[in-house]
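K.L.:
Please work out how this folds:
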Amino acid sequence: MTHRKSQRGAQTPVRAILQEESSLQAKVRDGLDAMKKVDRKLIDAPLRSSFGDSLDIDTALRLGHEQENRWDYLLGHKPNKTVIALEPHSANEKEIAVIIAKRDAARDQLAPHMKSGERIAAWLWVASGKVHLANTEKARILLDQNGIRFVGPKVLRKHLP
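P.N.:
Next up, the predicted model:
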């Protein structure tokens, strides 16, 4: 059973970055199955099949972090063998601080579950509704300084690392 679990973990990116004994391993789903259906539509249709696995980290990490900010998803991109963190969230100026706080919290919350030396390749913020976010230098600088990329209303191939 252990050999099978290790072999399976090597096949998909999210499983591969998590420690084998992590409680999150059991919550990883194939493809985009961990995502809410409404959120899957935020990924360009031709791109959806390129994701090998997914994890709803908002739900998986809720226990013990109920009052903390939580990021929504980790997605394993098969072709690049990378993990992308995706946050569907309303897009306006006042949400920038919230998005940064969610990313910081997610890094802390995920750290005990990840293998040493592993990292999230990209932190993407996708608009969950209409975009009311001015493309100002201040907004870009704040997001860039925190390693977050606002992708607009849909994740496209060009947004992936």
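K.L.:
Pull the residues that contact the lengthiest helix in the chain.
P.N.:
Ordering each helix of the chain by length in residues (DSSP state H) puts helix 96-110 first. Residues from elsewhere that reach helix 96-110, judged by Cβ atoms under 8 Å, 6 or more residues apart in numbering: 57, 61, 65, 68-71, 74, 85, 87, 89, 120, 123, 125, 133, 139, 142-143, 146-148. Where C-beta positions appear, they are placed from N, C-alpha and C, glycine not excepted.
K.L.:
Toward the C-terminus, what is the element adjacent to it?
P.N.:
Taking DSSP states H and E as the definition, the helix or strand that follows helix 96-110 towards the C-terminus is strand 122-132.
K.L.:
quick one: that following strand to helix 96-110, angle?
P.N.:
150 degrees (axes from the mean of the first three to the mean of the last three Cα atoms, to 10 degrees).
K.L.:
Paired strands for strand 122-132, with orientation please.
P.N.:
With DSSP bridges as the test, strand 122-132 is paired with strand 82-92 (parallel), strand 148-152 (parallel).
K.L.:
and of the ones you listed, who's closest to residue 113?
P.N.:
Proximity to residue 113 (Cβ to Cβ) singles out strand 82-92 among the strands paired with strand 122-132, at 12.0 Å.
K.L.:
that older thread, any idea how far the longest helix of the chain is from the chain center?
P.N.:
Averaging C-alpha coordinates over helix 96-110 and over its chain gives two centres that are 11 Å apart (Cα atoms, centre = their mean, to the nearest Å).
K.L.:
Repeat that for stretch 56-68.
P.N.:
14 Å.
K.L.:
okay, how far is it across it, tip to tip?
P.N.:
Stretch 56-68 has an end-to-end distance of 16 Å (criterion: Cα to Cα, to the nearest Å).
K.L.:
Could you shift the numbering so residue one becomes 611, and keep it that way?
P.N.:
Happy to do that; since the first residue is 611 now, the last one works out to stretch 666-678.
K.L.:
Enumerate the positions of that stretch that are buried.
P.N.:
Along stretch 666-678, these residues count as buried under the neighbour rule (16 or more other Cβ atoms under 10 Å): 666, 667, 668, 670, 671.
K.L.:
If you average the pLDDT over that stretch, what comes out?
P.N.:
Per-residue confidence for stretch 666-678 averages out to 82 on the pLDDT scale.
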